[in-house]
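K.L.:
The following comprises the amino acid sequence and a computationally predicted model.
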Amino acid sequence: MSGTRIPEATVARLPVYLRALNSMSESGTTTCSSLELATAAGVNSAKLRKDLSHLGSYGTRGVGYDVEYLRYQISREIGLTQDWPVVVVGIGNLGHALANYSGFSSRGFRTVALLDADTARHGDVVAGIEIRGFDELEAVVAEHGVGIGVIATPAVAAQDVADRMVAVGIRSILNFAPTILSLPEGVDVRRVDLSSELQILAYHEQRKSSAPATVAEVVADLGQPVGGVR
């Protein structure tokens, strides 16, 4: 890993670059220019070069980037060259989907336990893992060295779940519950609000489907007659 602290905005873009590099690798591309990688990642090339400069100098002038080498360097920087045990709490519909998501294991995240407070779900098997009680969280963390917890509970239960996670030593939390968590300093939380994302898309879809307003309609909305001010 690089010795200097990387800006948070850059850290947020590194997985995007890695996804683009993975696609290039799968298609047989061995080298790429900064422009090609930036285009694939949806950023401008100047920003990409600045981001990668925080990791070190991995490009060759006139040749570009070695795709496999840059993949490795980014993976190493964001911690994907080691195995990360993950516990998922809340095994409803969303929890089931997360447990069955193959993208976790293929990117270095190993789901070691599925926990739920509902005793009716205990003993059910999802993606080859038996659902256990939430009261086993401490034992699971101690057994597997879990540092990352995923919350997929209803909003009303999320804060209590997060507090318990912190109490047993989890310091990184991915929160899918539609609520803001209040946690102590030193605990990193990433919130995934699916409903908010859909609302943003609805806004853009509404704008695209609406006919452009005429000058008369705009003036009328302002409460003024066409041609003057009353």
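P.N.:
Okay, I see it.

K.L.:
which stretches of this structure have low pLDDT?
P.N.:
Scanning the chain for pLDDT under 70 picks out the ranges 1-4, 57-60, 62, 210-230.

K.L.:
Show me it divided up by domain.
P.N.:
8-77, 84-192 (automatic domain parsing).

K.L.:
ok, the residue nearest to Gly90 when sequence neighbours are not counted - how many residues close by?
P.N.:
Among residues not flanking Gly90 along the chain, Thr153 sits closest, at 3.4 Å (Cβ to Cβ, 6 or more residues apart in numbering). Glycine gets a C-beta too; all of them are placed from N, C-alpha and C. The tally of other residues near Thr153 (other Cβ atoms under 10 Å) stands at 27.

K.L.:
Tell me who's in contact with Thr153.
P.N.:
Val89, Gly90, Gly92, Val161, Ala177 (Cβ atoms under 8 Å, 6 or more residues apart in numbering).

K.L.:
Which secondary structure state is assigned to it?
P.N.:
Counting by DSSP: H, G, I helix; E, B strand; the rest coil, the backbone at Thr153 sits in coil.

K.L.:
Check Thr111 too.
P.N.:
Going by three-state DSSP: Thr111 is strand.

K.L.:
Chain neighbours aside, what residue packs nearest to it?
P.N.:
Here the residue nearest Thr111, using Cβ to Cβ, 6+ apart, is Val86, at 5.2 Å.

K.L.:
Which residues does the helix or strand encompassing that neighbour contact?
P.N.:
In the assignment (DSSP states H and E), Val86 maps to strand 84-89. Outside strand 84-89, the residues that touch it by Cβ under 8 Å, 6+ apart are 95, 98-99, 104, 108-116, 134, 137, 140-141, 144-153, 161, 165, 170.

K.L.:
Same check on stretch 126-142?
P.N.:
Applying Cβ under 8 Å, 6+ apart, the contact partners of stretch 126-142 are 87, 89, 91, 95-96, 99-100, 111-117, 119, 121-125, 146, 161, 164-165, 168-170.

K.L.:
Mark which of those residues are buried, thanks.
P.N.:
Neighbour counting with 16 or more other Cβ atoms under 10 Å marks 87, 89, 91, 95-96, 99, 111-117, 121-122, 146, 161, 164-165, 170 as buried within the contacts of stretch 126-142.

K.L.:
Just the ones of the residues you listed in helices?
P.N.:
Gly95, His96, Ala99, Val161, Arg164, Met165 (DSSP state H).

K.L.:
Output those residues as JSON lines; include the columns distance to Gly56.
P.N.:
Below are those laid out as JSON lines (distance: Cβ to Cβ, whole Å):
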{"residue": "Gly95", "distance to Gly56": "39"}
{"residue": "His96", "distance to Gly56": "41"}
{"residue": "Ala99", "distance to Gly56": "37"}
{"residue": "Val161", "distance to Gly56": "39"}
{"residue": "Arg164", "distance to Gly56": "40"}
{"residue": "Met165", "distance to Gly56": "34"}
